[in-house]
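Undergrad: Can you look at this prediction? I've put the sequence above it.
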Amino acid sequence: MTIRPANDAGIAAAANLLRDGGVVAFPTETVYGLGADATQDDAVSKIFTIKGRPTHNPLIVHVERPDWVAGLALPDGRFDALIRAFWPGPLTLILQRRRDSPVSSAVSAGKDTIAVRQPDHDVASALLKQVKRPLAAPSANPSGHVSPTTAAHVHADLGPRLDLILDGGACRTGIESTVLDLTHEIPRILRPGSIDAAAITEIIGPVTTGTGQGTPTSSPGQLDKHYAPSLPVRLNADRPDEGEALIGFGNTPLSTYDLSPSGDLAEAAANLFAALRNLDNSAQYSGIAVAPIPAEGIGRAINDRLSRASNGR
Ligand code: TXA
Ligand code: MG
């Protein structure tokens, strides 16, 4: 396995590996993805094996351009308006799968739906353009762990198991895409992200939120404990307990690390996963406490990831 800079030669090598059924980690604006040609069953199955991901948890398909979607999914009246507003970008749309979709059924975990997104990242776009195939790509971390926002994170988690890691620097957004299920009359946000309910409502009217547990198109990935470092995580802390590191926000007194001293939620989101990883890897602490983060805009997504990280211990 090698880490290569995401220059022209690196991207060309990655595209060759992907066309040959290999698995390559690449940067997107949200987090690093673990990519494979979505149309090759064997390549897709490697993703599940490498991540230790349950096969009932479907994958997102990445496209270079919106017009790739027509061959994969059935049309939806709200699709055009949403992509005009938000693509390329961190909004994943769940649509009805076409019966003759060339995408491996394992990508949809056997369901009749498919998740699609056009990433807003030069490296991801260049790669898609060269492979000329939709790429299935979950976050490039072992199932249930914190998502990677740098090539070094991917290397630490999965290095020996990958054909190639393309290093395109740190991810701008730092938190995974908003997942919006369009297979209902009232669309549902299955996973909050930087594109929030208010922004979506402005374009297509009211949406509901929640994992959709119990509905036919629930998002299995949202039901499990997730985003978890190995140390226990304690939320809404005003000071660290003995042995704990404190993640602050907006200049929190006594913080070990402040996600955004100026109180900027986008900056905090971009720093969140690296902070969890760094504190987790330092042998000094017995737990991670986190100061309150306002639940507005991308702050909802931050709180969603933190509450998953702190659950089930
Ligand atoms: O920002 C992102 O979305 C990143 C980058 C690499 O694009 N990808 C990512 O993938 O976060 P992953 O696999 O870690 O999370 C995808 C989520 C999971 O919760 C999964 O259950 C849900 O999307 N999902 C995918 N396809 C679905 C479908 N057909 N129906 C319902 N949920 C789906
Ligand atoms: Mg993930």
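TA: Cool, the structure landed. Ligands and ions are numbered 1, 2, ... in the order given.
Undergrad: in stretch 55-75, what's buried?
TA: Residues 57-64, 66, 68-69, 72-74 are the ones in stretch 55-75 that count as buried (16 or more other CB atoms under 10 Å). C-beta: built from backbone N, CA, C; applies to glycine.
Undergrad: So which of these are in strands?
TA: 60, 61, 62 (DSSP state E).
Undergrad: which one of the residues you listed sits closest to residue 146?
TA: Top of the list for closeness to residue 146, among those and by CB to CB, is residue 60 at 17.9 Å.
Undergrad: For the residue nearest to that closest one when sequence neighbours are not counted, list each beta-bridge partner.
TA: Spatial nearest neighbour of residue 60, chain neighbours left out: residue 115 (4.5 Å); criterion: CB to CB, 6 or more residues apart in numbering. Counting by DSSP bridges, residue 115 forms beta bridges with residue 60, residue 94.
Undergrad: For ligand 1, tell me whether the helix or strand hosting residue 48 is touching it.
TA: Element membership for residue 48, per DSSP states H and E: helix 41-51. No. Using CB under 6 Å from any ligand atom, helix 41-51 stays clear of ligand 1, with a minimum separation of 8.4 Å.
Undergrad: Buried residues, that helix. List them.
TA: Applying 16+ other CB under 10 Å to helix 41-51 flags 43, 44, 46, 47, 48, 50, 51 as buried.
Undergrad: Against which helices or strands is that helix packed?
TA: strand 33-37 (3 or more CB pairs under 8 Å, 6 or more residues apart in numbering; DSSP states H and E).
Undergrad: how much does the strand it packs on deviate in direction from helix 41-51?
TA: Interaxial angle, strand 33-37 versus helix 41-51 (axes from the mean of the first three to the mean of the last three CA atoms, to 10 degrees): 160 degrees.
Undergrad: tell me the mean pLDDT over strand 33-37?
TA: In this model, strand 33-37 has an average pLDDT of 98.
Undergrad: helices or strands up against it?
TA: helix 8-19, strand 24-26, helix 41-51, helix 122-131, strand 135-136.
Undergrad: Rounded mean pLDDT for stretch 149-168, please.
TA: Mean pLDDT, computed over stretch 149-168, is 96.
Undergrad: Please point out which parts of that stretch sit buried.
TA: Buried, per 16+ other CB under 10 Å, within stretch 149-168: 149-155, 157-158, 162-168.
Undergrad: With stretch 13-21 instead?
TA: 13, 14, 15, 17, 18.
Undergrad: Please spell out which residue in this protein sits farthest from the middle.
TA: Most distant residue from the mean C-alpha position of the chain: residue 242, 33.0 Å away (CA atoms, centre = their mean).
Undergrad: Spell out the secondary structure type for it.
TA: coil (DSSP: H, G, I helix; E, B strand; the rest coil).
Undergrad: so what's the backbone phi/psi at it?
TA: For residue 242, the backbone dihedrals are phi -60, psi 130 (criterion: degrees, to the nearest 10).
Undergrad: what's the distance between it and ligand 1?
TA: 35 Å (CB to the nearest ligand atom, to the nearest Å).
Undergrad: What residues does that residue make contact with?
TA: If a contact means CB atoms under 8 Å, 6 or more residues apart in numbering, then residue 242 has no contacts.
Undergrad: returning to what we had before: kindly identify which of the ones in strands among the buried residues of stretch 55-75 also come near ligand 1.
TA: Applying CB under 6 Å from any ligand atom to these, those adjacent to ligand 1 are residue 60.
Undergrad: Out of the ones in strands among the buried residues of stretch 55-75, which comes closest to ligand 1?
TA: residue 60 (4.8 Å; CB to the nearest ligand atom).
Undergrad: Would you enumerate the residues in contact with that closest one?
TA: 92, 115, 116, 117, 136, 137, 138, 177, 179.
Undergrad: for the last one, helix, strand, or coil?
TA: Residue 179 carries the three-state label strand when classified by three-state DSSP.
Undergrad: That one pairs with what?
TA: According to DSSP bridges, beta-bridge pairing links residue 179 with residue 92, residue 191.
Undergrad: near ligand 1, which residues of the stretch 51-200 of the chain?
TA: Going by CB under 6 Å from any ligand atom, the residues of the stretch 51-200 of the chain near ligand 1 are 57-60, 90, 92, 94, 108, 111, 113-115, 117, 119, 137-139, 176-177, 179, 190-191.
Undergrad: if you set the cut-off to 5 Å instead, what comes out?
TA: Contacts of the stretch 51-200 of the chain with ligand 1, taken as CB under 5 Å from any ligand atom, map to 57, 58, 60, 94, 113, 115, 137, 138, 139, 176, 177, 179.
Undergrad: Tell me which two in those residues are the farthest apart.
TA: For those, the farthest-apart pair by CB to CB is 113 and 139; their separation is 19.4 Å.
Undergrad: Please identify which of those two sits among more neighbours.
TA: When residue 113 and residue 139 are compared for neighbours, residue 139 comes out ahead with 27 against 19, by other CB atoms under 10 Å.
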